[in-house]
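> sequence unavailable; structure follows:
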């Protein structure tokens with residue numbers, strides 16, 4: 001079999017937290033396609049069960065706002081498959097809130113899902129990898145809002161900026177353990193969750209995708225399958241030695257001015 005025909009994640013155990021829908025579900029599908037044994041988490045049993053049936057991946061119901069359940073997702077993966085080789089943190093809360101109208105409850109909810117859950121899932125995964133003295137890879141799905149974000153996404157932007165810091169800190173701390181940790185700052189992406197958000201918060205109609213695509217330089221929103229393919233590449237040995245990188249996956253060129 002030629003190099004390009006070899007599955008990128010063959011014989012690896014991959015945990016995708018927040019994998020039951022949207023970008024996370026796309027990553028589950030791509031990882032299975034590339035030969036991985038995949039475990040994924042989500043809150044909704046019906047949605048997770050359907051994806052598991054479609055892909056052959058293992059679904060673990062978990063509320064990642066609970067740090068113990070985020071950490072336990074790793075333990076359950078190790079219990080089922082003996083180890084975890086790769087972790088993807090794809091869960092995200094995007095509820096709207098500005099500096100002036102965000103409540104402490106909303107702020108805490110964003111921190112719990114967008115920073116605390118990845119932190120403790122990474123803690124569990126890195127503990128397993130180092131105990132086995134084995135290499136591993138982690139990818140955090142972040143957001144271009146980490147650069148600042150719009151006024152109506154103040155707690156979200158704050159939390160995602162924290163995840164950027166965590167990604168780089170952990171990558172530096174564990175580089176000699178051969179654990180590579182990277183992140184993707186994704187931009188506006190076409191998902192079912194974004195459809196619900198546009199309708200609920202912005203009064204969007206059925207044609208919002210077409211209007212949004214026309215407003216973008218590439219004539220389309222970010223696509224789940226394209227993001228998933230890139231995440232799989234970062235998880236795999238084909239991405240070489242790269243670690244501590246937070247890549248802007250977007251059509252906005254940050255720092256560019258017209």
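Perfect, thanks for sending it. No experiment lies behind these values; they were computed from the predicted model shown. Numbers count the residues shown, from 1 in each chain.
> residue closest to the middle of this protein?
Taking CA atoms, centre = their mean, the centroid of the chain lies closest to residue 90, which sits 2.2 Å from it.
> burial count for the residue found closest to it once you drop the neighbours it is linked to in the chain?
Setting aside the residues directly before and after it, residue 90 is nearest to residue 24 in space (CB to CB, 6 or more residues apart in numbering), at 3.5 Å. From N, CA and C alone the C-beta is placed, and that goes for glycine too. Counted by other CB atoms under 10 Å, the residues lying close to residue 24 total 28.
> report the secondary structure state of residue 24.
Under DSSP: H, G, I helix; E, B strand; the rest coil, residue 24 falls in the helix class.
> dump the residue contacts of it.
Residues near residue 24 by CB atoms under 8 Å, 6 or more residues apart in numbering: 16, 17, 18, 40, 42, 88, 90, 91, 141.
> for the lengthiest helix in the chain, packing partners?
Counting by DSSP state H, the longest helix found in the chain is helix 154-173. In terms of contacts (3 or more CB pairs under 8 Å, 6 or more residues apart in numbering; DSSP states H and E), helix 154-173 is packed against helix 104-111, helix 117-131, strand 136-141, strand 179-186, strand 246-249.
> residue 203 is nearest to which of those?
Ranking these by proximity to residue 203 (CB to CB) places helix 104-111 first, at 20.7 Å.
> that closest one to helix 117-131, inter-axis angle?
Calculated by axes from the mean of the first three to the mean of the last three CA atoms, to 10 degrees, helix 104-111 forms an angle of 30 degrees with helix 117-131.
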